[in-house]
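Asker: sequence and predicted structure are below.
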Amino acid sequence: MLLKIAWRNLNRNKRRSLLIILSAAVGVFALFIYDSISRGMINQMLSNQIDVHLCEIQINKKGFNDDKIIQSYIPKPSEIEEIIKSKDYVRSYSKRIISFCILNSANNSVSANIIGVDYHLEPKVTTLSSYIIQGKYLSGKKNEIIISKKMAEKLELKIGDKVVAVASDIEGSVSTNLFIISGIYRSPSTEIDQMIVFTNLESLQNTLGLEDKIHQFVLKTDNRDNVFESKNKLIAEIDTTKYEVLAYQDIIPLFVTMLESSKSAMVIFYVIIGIGVLLGIINAMLMSVFERIQEFGVLMSIGMSNSKIFIMIVLEAFLLGTIGTLIGILFAFISYIPLSIYGLDLSTFSEALQMYGIENVIYPEIDLGLILNALFVMPIAAILGAIYPSIKAIKLQPTEAMRYV
């Protein structure tokens with residue numbers, strides 16, 4: 001009965017009810033769209049860090065991640081490779097050589113990290129090949145190299161040009177080799193573009209005198225959410241006195257923490273929107289209470305308890321918040337569907353976005369947590385906003401309320 005009365009009371013002042021519903025709907029719509037875009041952006045930043053170069057799990061000689069010296073190669077790579085191949089949770093893997101070098105062209109020079117990769121295996125664990133904008137990805141030819149667009153511009157190089165790489169070999173001597181530009185890439189990350197070039201594993205091994213030695217295995221698992229579980233399984237079979245097994249969270253802890261903090265910051269946005277709606281509910285329900293003082297006096301005089309009056313007012317606010325929430329979510333989903341397909345094009349800010357590892361097009365993402373947040377924040381705010389007006393109503397004295405003008 002109280003629910004029916006509360007529903008009818010909403011029609012007493014339709015304009016006020018519609019304004020409250022509209023404010024709740026706009027709030028839910030803004031929360032839903034902003035949160036979904038933020039989640040898409042954050043997940044894209046993390047995915048780009050992992051998928052373009054880093055990978056989910058790395059296996060190195062112990063200490064290599066902290067001090068990448070050329071002599072820190074994996075002692076028995078064949079044993080590690082056999083362990084990796086035997087794991088069904090490892091979707092794919094690749095092998096790498098990593099070294100610091102100076103790249104010299106006829107016009108300029110830059111410092112870089114040169115990474116030798118297995119051209120067959122690397123595309124299975126990273127997405128760098130999809131960011132080639134000129135030329136082609138590594139094909140296994142001797143001394144081919146791919147560099148970023150930024151480096152190509154600085155060195156004034158184009159496809160087919162030659163560049164000299166100067167690095168320290170395994171004996172500590174200076175080693176040089178002539179490489180041919182086979183491809184130019186532009187990744188979503190400025191950091192990668194400024195520092196990293198790629199060549200074939202064998203070419204770099206020959207340049208540095210490493211023969212068949214490697215520095216690193218990189219792995220892609222079947223479930224990124226369970227990467228720590230996969231890492232611990234590998235640790236159980238690998239001698240950790242000689243090797244280190246690192247998940248991406250171990251390699252870029254500050255970056256991961258920053259992204260987690262960004263997710264937590266969304267709570268503040270929810271609170272701000274919730275407070276705005278709460279204040280609106282308080283104002284509207286107080287006006288409603290003062291307009292109906294005589295009515296409350298009559299209800300009290302015929303025996304309606306204070307608790308029922310309290311619940312009735314709270315129900316009115318709850319209905320307003322719930323209706324607004326459902327309308328807001330409906331329009332948010334209508335807006336989300338084309339955004340999830342075509343994305344939000346921010347190519348105007350491409351240079352700034354690249355500094356944070358974000359691509360030109362952002363695709364919003366939703367999950368159960370977002371939907372639950374959107375469903376409950378406004379009804380809860382409405383209930384909280386109705387408490388004070390409800391208390392004011394039940395404190396009325398029936399005789400005074402009936403004479404109120």
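Answerer: Here it is on my side, so go on.

Asker: show the average pLDDT along the host helix or strand of residue 256.
Answerer: Assigning secondary structure by DSSP states H and E places residue 256 in helix 253-291. For helix 253-291, mean pLDDT is 80.

Asker: and it, what does it pack against?
Answerer: The contact analysis (3 or more Cβ pairs under 8 Å, 6 or more residues apart in numbering; DSSP states H and E) places helix 253-291 against helix 14-49, helix 306-342, helix 368-394. The way it works is simple: take the backbone N, C-alpha and C, and place the C-beta from them, glycine included.

Asker: give the buried residues for it.
Answerer: For helix 253-291, a neighbour-count test (16 or more other Cβ atoms under 10 Å) marks 255-256, 259, 266, 270, 273-274, 277-278, 280-282, 284-286, 288-289 as buried.

Asker: can you check stretch 13-21 too?
Answerer: Buried residues in stretch 13-21 (16+ other Cβ under 10 Å): 16-17, 20-21.

Asker: touching that stretch from outside, list them.
Answerer: 10-11, 280-281, 284, 287-288, 291, 320-321, 323-324, 327 (Cβ atoms under 8 Å, 6 or more residues apart in numbering).

Asker: switch the cut-off to 7 Å
Answerer: For stretch 13-21, contacts defined as Cβ atoms under 7 Å, 6 or more residues apart in numbering pick out 10, 280-281, 284, 320, 323-324, 327.

Asker: for these, which one is nearest residue 136?
Answerer: residue 327 (51.7 Å; Cβ to Cβ).

Asker: correct me if wrong: the closest one contacts residue 23.
Answerer: No. Between residue 327 and residue 23 there is no contact under Cβ atoms under 7 Å: 11.1 Å.

Asker: and stretch 31-41, average pLDDT?
Answerer: On average, stretch 31-41 scores 90.

Asker: which residues touch that stretch?
Answerer: With Cβ under 7 Å, 6+ apart, stretch 31-41 has contacts from 266, 269-270, 273, 328-329, 332, 335-336, 344, 358, 362-366, 370, 374, 377.

Asker: circling back to that earlier point, tell me which two of the contacts of stretch 13-21 sit farthest apart.
Answerer: 284 and 327 (16.9 Å).

Asker: returning to what we had before: now the helices and strands packed on helix 253-291 as a markdown table including distance to residue 55?
Answerer: Formatted as a markdown table, those follow (distance: least, Cβ to Cβ, whole Å):
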| stretch | distance to residue 55 |
| --- | --- |
| helix 14-49 | 10 |
| helix 306-342 | 27 |
| helix 368-394 | 27 |
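
Asker: where is the longest strand in the chain?
Answerer: For the chain, the strand with the greatest residue count under DSSP state E is strand 90-104.

Asker: how does the chain divide into domains?
Answerer: Segmentation of the chain into domains, based on automatic domain parsing, reads 2-49+256-402, 63-239.

Asker: looking at those domains, which one has the lowest mean pLDDT?
Answerer: Among those, domain 2-49+256-402 scores lowest, at a mean of 83.

Asker: what about that one, distance to the chain center?
Answerer: 24 Å (Cα atoms, centre = their mean, to the nearest Å).

Asker: of the contacts of stretch 31-41, keep whichever come out buried.
Answerer: Here, 16+ other Cβ under 10 Å leaves 266, 270, 273, 328-329, 332, 336, 358, 362-366, 370, 374, 377 buried among the contacts of stretch 31-41.

Asker: quick one: contacts for residue 164?
Answerer: Residue 164 sits in contact with 104, 176, 178, where contact means Cβ under 7 Å, 6+ apart.

Asker: of those residues, closest to residue 77?
Answerer: Residue 77 has its nearest neighbour among those in residue 176, at 26.2 Å by Cβ to Cβ.

Asker: residue 243 and residue 120: what is the separation?
Answerer: As for residue 243, its distance to residue 120 is 24 Å (criterion: Cβ to Cβ, to the nearest Å).

Asker: rewinding a little: of all the helices and strands packed on helix 253-291, which lies closest to residue 165?
Answerer: helix 14-49 (25.3 Å).

Asker: flag every buried residue along that closest one.
Answerer: Buried positions in helix 14-49, judged by neighbour count with 16+ other Cβ under 10 Å: 16-17, 20-21, 23-29, 31-42, 44-46, 48-49.

Asker: just read off the phi/psi values of residue 165.
Answerer: Per-residue torsions, residue 165: phi -100, psi 130 (degrees, to the nearest 10).

Asker: partner residues bridging it?
Answerer: residue 103, residue 177 (DSSP bridges).

Asker: which residues does it contact?
Answerer: Applying Cβ under 7 Å, 6+ apart to residue 165 gives the contacts 101, 103, 114, 176-177, 179, 207.

Asker: try it again with 8 Å
Answerer: Residue 165 is in contact with 101-104, 114, 145, 176-179, 207, counting by Cβ under 8 Å, 6+ apart.

Asker: could you do residue 27 as well?
Answerer: Counting by Cβ under 8 Å, 6+ apart, residue 27 touches 273-274, 276-277, 324, 328, 377-378.

Asker: and of the residues you listed, the nearest to residue 196?
Answerer: residue 273 (41.5 Å).

Asker: for the nearest residue to the closest one once chain neighbours are set aside, give its distance to residue 324.
Answerer: The shortest distance from residue 273 to any non-neighbouring residue, by Cβ to Cβ, 6 or more residues apart in numbering, is to residue 27 (4.6 Å). According to Cβ to Cβ, residue 27 and residue 324 sit 8 Å apart.

Asker: which residues do the two both contact?
Answerer: residue 378.

Asker: correct me if wrong: residue 96 contacts residue 116.
Answerer: Yes. Residue 96 lies in contact with residue 116 (Cβ atoms under 8 Å); the separation is 6.4 Å.

Asker: so the two - more neighbours on which side?
Answerer: Neighbours per residue, other Cβ atoms under 10 Å: of residue 96 and residue 116, the larger number sits with residue 116, 27 against 22.

Asker: which element is that one on?
Answerer: strand 109-117.
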